[in-house]
Structure formats: C-alpha cells, structure tokens
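**Q** next come a sequence and a model predicted from it.
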Amino acid sequence: MNTAVNTSQNELESLITGSDNSPASIRAILNKFASSKIFAVTDRPWDGRSVPRPDMRLLMVTDGANHQQPMLALFSAGQHAHGVIAGDHPFKHVVEVDAAWALLGVAENVGILINPNTTDAPAFRIGSGVAAELKKYAEDRLRARTSRPRPAPGPANAEAEKPFVAQVRALIADDDLPGARAAIENVLAISPADYHALQLAGEIAIDQYRNHVAEAYFSAAIKVAPDRAAKAASLSGLGQALTWLGQYDAAEDVLRQAILADSRLPGPLLALAEAKAEKGEVHEAIELLRRLTALLPQDVTLYVRIADLLREIGQSEEALALYDVAIGIRPSYAPAHFNKGVALHALGRLEDAMISYRKAHEDGPWQAGFYRIASLKKFTSAEDPDIAHLEPRTADNGSNNLLTRMDAHFSLAKAYDDLGNYAKAFEHLKQGSALKRTQVDFSVDEQRNTFAKLIALFTPAFMRRFKERQKSAARPIFILGMPRSGTTLLEQMLSGHPDIYGAGELSAMHTIALEMGAVWGRRDDRFPGTDEELLADFARATAGYDRLTGHLPRGTRRLTDKMPQNFVFIGLMELMFDDYTIIHCRRHPMATAFSCYEHVFNEKSIAFSYDLGEIAEYYKFYAAMMAHWHKLLPGKILDVDYEDVISDPETQLRRVLSHAGLEFDPACLDYQALDRPVFTSSNTQVRQPLYKTSVEKWKHYEPYLQPLIEGLGDLAKGWPKAD
C-alpha cells in the first residue's frame with residue numbers, strides 16, 4: 001500500500017476529475033482501475049475473494065500512496081453513506097482483491113462515491129450505472145477465469161476412476177441410498193482415509209439427512225483432499241451439512257473457504273445460496289443465484305431454483321415467468337414443468353397445474369410426484385389408465401428407482417381410496433411409507449430428549465426472571481399444532497380479515513431457535529446464559545423475526561405464521577414478543593395421525609410420519625409439550641378443534657378473532673374466494689366448501705391401525721373438549 005504514485009495512478013485521477021458521469025466515462029475509469037493492482041480496505045477481516053459479509057463496509061482502492069489513492073467507496077445508501085462522507089474511516093484491513101468478489105458483493109442498490117479520501121479532488125456519487133458497470137466487469141473477469149483450461153488429470157483425478165466410485169454413484173443415481181451407504185462403508189472399512197470414499201460417504205449422508213455423520217465425513221475428506229478442487233468440493237459438502245444442522249454462520253464461513261479454495265467451481269456458490277435460503281435470507285439467496293445465471297446463462301437448474309424461492313415467498317407470478325425462461329431454454333426439462341405445476345396449484349389454477357404435471361411426466365417418465373396428479377382427480381374406475389400406468393412402477397425390478405416406486409405407491413393409495421378399496425389402499429400406503437422411511441432420519445429417543453430438555457428449561461422460575469418484551473412490527477398470530485390438524489384451513493379463513501395478512505408456513509422461528517441454541521451451547525457452564533445475555537438474546541431474536549418477515553407485503557396488517565411445529569417454541573415466543581397470539585389447532589388424534597401417514601411431506605421436520613409406531617410416540621411428545629405450555633402460560637393459548645370449525649365455522653372464527661383482539665368480519669367465511677397462494681398439502685381442500693368426510697376418514701382404515709391405536713393409548717379416544 002505504501003508504494004509511490006505511478007503513471008497509471010495519475011491517469012486514473014485525471015479520468016475521475018474529468019468524468020462527466022456518462023457510461024463511457026465510467027467504463028474508462030473502471031478499465032484503468034482494473035489495470036492497476038486492486039485492493040480492498042475493510043472495517044472487518046476479509047480474504048478478498050469470498051462474499052463480503054452484509055454488515056461489512058468496504059472500499060476498493062488502487063495501488064498508490066495512502067493519502068493520494070483514488071477509491072471507489074461502496075456502501076448501502078441507508079447504512080454506510082454517512083460514515084464515508086464524514087471522513088470516518090475505521091478501515092484497518094487491507095487485502096488484494098480478485099474482482100470476482102463484485103459479482104457476489106455489490107448489491108443492486110449500491111451507492112458509489114469516487115475519491116472520498118481527498119479534500120481537493122472531486123467527490124461525487126454515481127448510482128446504479130456504476131454498479132452495473134462494475135458488476136459487468138467482474139462477471140467478465142470471473143467468466144474468463146472459469147473458462148480457463150483445467151490441468152490435465154493427474155494421479156489425484158485418476159483416483160476418481162476407481163471402480164467403487166462408479167458403482168456407488170450408479171446406486172445413488174438409482175436412489176438406492178441404503179445400498180450406496182453399505183457399499184461405501186465397506187470401502188471405508190478397508191481404506192478409512194480414502195478421499196473419494198469419504199467424499200461419497202458425506203454426500204450419501206447428506207441425502208439421508210444424517211447431517212452430523214456427513215459433517216464428520218466431509219471434515220475427514222478435507223484433511224486428505226488431493227488438490228484445491230477436491231478440497232473445495234469437501235468444504236462445500238461440509239457447508240451443506242452445517243446448513244442442515246442449523247449452524248448457519250459456520251456454514252457461511254466454510255462456504256467462503258470453499259470459494260477461496262477454487263472459485264472456478266459453482267458448487268460452493270450454490271451451497272452458499274442454499275445456506276442463505278435455509279437461514280431465511282431468501283432475497284440474498286435469490287440475488288446470489290441471479291448473479292450465477294450471468295456466468296451460466298444456459299443452466300436451467302438455476303432459473304428453476306430461483307423460481308422455487310420466489311414461490312416460497314409468495315411471488316408466484318414472478319416464479320411462473322422464470323419457470324417459463326427455463327422451459328424456453330430446455331422445452332423438455334421435466335422439473336421446470338413440474339415445479340411450474342406446483343406454483344399453479346398453489347394459486348388455485350388447478351386445470352393449468354394438471355397440464356404442467358402431465359407435461360412433466362410426458363417429458364420425464366422418471367419424474368416423481370405423480371401423487372400431485374392423483375390429488376387433483378377423482379378416480380371412478382379400476383380401469384383408469386393412470387392406475388394401469390402406476391402399477392408397473394411399483395415393481396422393484398431394477399428399472400424403477402426408489403422414488404418412482406414410492407411415488408407410485410402413494411398415488412395408488414389415493415386411487416384405491418377413491419374407489420373404496422381400503423385394504424388395497426392401505427397396502428400401498430404401507431409400502432410407500434416404508435420406502436420413504438429409508439430416506440429420512442428420525443429417532444424417537446432423540447425427540448424424547450429434545451422435548452424433555454425444553455420442559456426442564458422453560459419453568460415458571462425461568463420465565464419470572466425476564467420481564468422485558470420487545471415490540472414487533474409483525475405482531476404475529478401463530479397458528480400451530482400437529483401437521484394435518486387444520487392450520488391451513490384456519491389461516492385461509494383468517495386471511496379474509498382486512499387486518500390480517502396470511503403469510504403461510506414461515507421458517508423464521510425455527511431459524512431463530514437454532515441460532516439461539518447454538519449461542520447458548522457455546523456458553524458452557526453458563527448455559528443458557530446470564531440474565532443480561534439472555535435479555536439481549538431475546539431482543540435480538542425479536543428483531544430477527546421482523547427482519548426475516550420484513551419482505552412480506554402485509555402493510556400494517558397483523559401477520560399469521562402457520563408453521564404447525566412452532567408449538568415447540570411457545571416458551572421462546574413468550575420471552576420475545578410483547579404482542580402476539582397463539583392459536584392451537586387440534587384434531588382427533590387418530591384423524592391427525594392417519595392424515596400424516598397418508599401424505600408425502602417434503603419437510604425434513606416431519607420425518608416421524610412414515611411409521612405408525614413413531615407417529616404415536618411423536619404425538620404423545622407433542623401432547624405433553626402442549627400440556628406444559630398451557631400450565632406455564634394459562635390463558636395465552638386458545639385451543640380450536642378442527643371438527644368444530646367444520647361444523648360451526650362462524651362461532652370458532654369469532655372465538656379466534658376475539659382471542660387476537662380483532663372484530664369478526666364476514667369475509668372470513670368466504671375463504672374459498674380468496675386470491676392467495678397456498679403452498680401446503682391442503683392447498684386443494686381449502687379451495688373447496690367445508691366437508692365433513694375427512695373428519696372420520698381414518699375409520700375406514702381402523703382394522704389396519706392397531707400399532708397407532710395401541711401407541712396412542714388414551715389419546716386414541718380423542719382430546720378433551722376445548723373451552
């Protein structure tokens with residue numbers, strides 16, 4: 001940094017001084033800027049290549065004497081402008097920059113100030129034009145880097161040709177994860193330090209949601225990685241495992257290391273986007289993926305993933321446009337058609353959704369998700385051609401992978417249920433659930449431990465220690481309970497109220513609780529922390545909830561958050577919010593449990609639902625947890641029974657709205673007419689009139705549900721009547 005001012009430096013100053021802020025002037029400045037060494041000066045440590053942290057201030061500078069060098073100061077207008085203009089420069093960290101950072105680090109709304117470090121040279125703002133030019137420069141630079149020829153395969157790459165690698169990858173491609181796991185564990189028993197075996201073992205563990213195991217495998221693989229690309233791949237895998245474990249900050253740090261190890265690989269960038277999405281920072285994830293499309297403009301998976309995330313945050317129309325972009329690039333790309341169908345389904349455009357689902361299966365016979373088609377139709381004949389299509393897909397004959405077989409079983413269960421052949425329907429349910437159970441990680445003992453720890457922590461004495469509560473702009477109405485207990489229906493009704501915005505199933509509380517748990521765990525013998533530390537934790541959690549939900553277009557309306565399993569976090573809610581409401585949706589335990597069993601869930605958190613005995617155990621944990629919350633917070637939780645909502649919706653809506661401090665509005669009863677996306681597995685039913693057939697549907701299957709009935713014990717008879 002203390003080099004003499006050079007000719008390039010002086011030329012750059014001249015260009016800045018004479019700039020008329022036109023695109024041509026900006027290009028000239030940036031081109032000259034790029035011809036010099038480029039440094040970043042930041043107020044936090046940074047490696048110069050990975051993604052700058054959102055809370056980091058950064059200046060780009062060229063080589064030159066510290067008191068004369070021109071700078072490009074990048075700052076978010078609302079957060080950083082004042083410090084830059086006032087000359088307050090707490091920038092202590094200097095690093096040479098690879099311009100690839102700009103592709104990831106320059107936000108769309110960036111503000112840029114040229115020459116803020118001198119008093120006599122002009123200092124003026126440039127808006128989005130400079131940001132666009134700088135971004136384009138960085139994209140071109142990074143594209144050139146990623147397109148460089150790779151070295152010829154050496155011994156390390158040759159190892160990838162080991163026979164077991166191809167064999168295991170073939171099993172993974174066939175969705176035979178148990179077989180792949182057994183094969184790779186046999187290899188590791190002989191060669192425990194084989195890089196490729198460790199990497200494959202980590203990938204398999206990730207796919208099976210055995211994330212702690214994956215963390216160990218990838219950590220071991222990093223230590224024996226034969227080259228930078230291999231190390232980047234293992235770091236990327238470790239970042240994914242940490243993401244699924246809820247260790248989001250650690251995941252981001254590891255993924256930045258992966259980018260640093262080999263920035264030619266798109267995998268770490270994709271994994272970083274997924275970490276952001278899982279953390280609830282969906283807009284940041286979308287921005288990362290959008291910037292990757294500039295490097296890989298023909299990669300349809302990027303457009304589909306962006307569209308999926310847009311759909312998750314309620315921007316279904318924008319999602320549909322991007323699915324169409326993907327389809328325009330690859331007209332026969334089945335996942336784009338299928339996911340477009342999911343978006344249309346959520347919007348209530350059921351005929352269009354069916355067309356997209358059908359197109360997906362026409363273009364990709366391997367495409368799972370036929371149960372979506374089954375859910376949109378009523379089977380009236382055993383001769384239905386869809387049944388004839390599905391039956392062969394259940395065969396374990398080598399040509400059907402596990403997902404195909406599972407999907408066919410659940411679809412046929414729906415078909416035979418429609419036809420009243422309950423014995424055959426249940427047989428398909430049983431086989432489909434058994435296959436799905438091999439794909440999820442669930443432990444009754446771990447769940448018992450988790451719930452016991454929560455009950456032991458959240459006691460009256462603990463709650464009395466904290467009197468302060470934080471104001472939340474969202475003023476959330478939490479609609480919670482077991483999955484399939486009527487949460488979607490109740491939220492759909494409440495969304496008709498002019499003072500309520502139905503936000504759907506939000507991951508905010510889950511994200512906050514995981515982060516807080518990680519912080520508490522690091523306090524060791526101070527667990528969970530001193531009163532001062534905990535008050536700060538709760539205030540930060542409330543602010544985090546508002547941040548994670550701040551993108552929702554609710555205006556001044558109260559927000560409903562209907563993630564069913566938020567019931568785990570009721571004690572935390574009480575310590576976070578000064579104004580919130582809890583509605584606990586209940587349904588007959590047998591009806592709830594059977595409805596869980598007959599559905600295919602995408603969520604990892606509902607891994608308990610594919611074995612009748614495990615469903616019963618989890619349900620008892622949930623019932624004990626709710627009894628604890630009721631005792632701890634008397635009067636705070638309103639129980640609402642699904643059966644009562646079906647039989648007398650107005651009375652129940654009046655109870656709910658009164659509990660939330662709102663007046664009844666008749667629009668809540670016209671819930672079928674609401675034009676809002678519904679993304680849960682109940683998205684078809686909530687657009688239909690209230691129907692009572694679902695209330696006792698489980699009784700058709702009672703002869704086959706003995707493990708569930710015995711496991712539930714007295715709960716199998718039903719809940720006590722709600723007050």
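**A** Nice, I can see it.
**Q** hey, let's count contacts and neighbours off CA atoms from now on
**A** Noted.
**Q** three-state assignment of the most centrally placed residue in the chain?
**A** Taking CA atoms, centre = their mean, the centroid of the chain lies closest to E278, which sits 3.2 Å from it. Classification of E278 using DSSP: H, G, I helix; E, B strand; the rest coil returns helix.
**Q** neighbours around the closest residue to it other than its chain neighbours, how many?
**A** Using CA to CA, 6 or more residues apart in numbering and skipping the chain neighbours, the partner closest in space to E278 is T243 (7.1 Å). Number of residues near T243 (other CA atoms under 10 Å) recorded here: 24.
**Q** give me the element T243 is part of.
**A** In this assignment (DSSP states H and E), T243 forms part of helix 228-244.
**Q** picking that back up, ok, the residue nearest to E278 touching L255?
**A** No: contact criterion CA atoms under 8 Å: T243 and L255 do not qualify, at 10.1 Å.
**Q** so where's the stretch 251-400 of the chain shaky on pLDDT?
**A** 263-264 (pLDDT under 70).
**Q** quick one, helices of it?
**A** Here the stretch 251-400 of the chain has its helices, by DSSP state H, counting those that start in this stretch, at 267-279, 282-295, 300-312, 316-329, 334-346, 350-363, 370-375, 385-390.
**Q** reformat those as TSV; add distance to E491.
**A** Formatted as TSV, these follow (distance: least, CA to CA, whole Å):
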stretch	distance to E491
helix 267-279	23
helix 282-295	23
helix 300-312	17
helix 316-329	19
helix 334-346	14
helix 350-363	20
helix 370-375	21
helix 385-390	33
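**Q** now the helix holding T243 and helix 267-279, what's the angle there?
**A** Put simply, helix 228-244 runs at 10 degrees to helix 267-279, going by axes from the mean of the first three to the mean of the last three CA atoms, to 10 degrees.
**Q** on contacts alone, who are the packing partners of helix 228-244?
**A** Helix 228-244 sits against helix 195-207, helix 211-223, helix 248-261, helix 267-279, with contacts defined as 3 or more CA pairs under 8 Å, 6 or more residues apart in numbering; DSSP states H and E.
**Q** ok and the second one relative to helix 195-207, angle-wise?
**A** Calculated by the same axes, to 10 degrees, helix 211-223 forms an angle of 160 degrees with helix 195-207.
**Q** the last one too?
**A** Here the directions of helix 267-279 and helix 195-207 differ by 20 degrees (the same axes, to 10 degrees).
**Q** could you do the longest one as well?
**A** Between the direction of helix 248-261 and that of helix 195-207, the angle (the same axes, to 10 degrees) works out to 150 degrees.
**Q** list the residues that contact the residue nearest to the centre of the chain.
**A** If a contact means CA atoms under 8 Å, 6 or more residues apart in numbering, then E278 has 243-244, 511 as its contacts.
**Q** so can I have CSV of the residues you listed showing distance to T592 and pLDDT?
**A** Converted to CSV, the contacts of E278 look like this (distance: CA to CA, whole Å; pLDDT from 0 to 100):
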residue, distance to T592, pLDDT
T243, 30, 88
W244, 27, 84
T511, 26, 88
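**Q** ok so, going back, out of the helices and strands packed on helix 228-244, nearest to K424?
**A** Ranking these by proximity to K424 (CA to CA) places helix 195-207 first, at 30.6 Å.
**Q** noted, bye for now.
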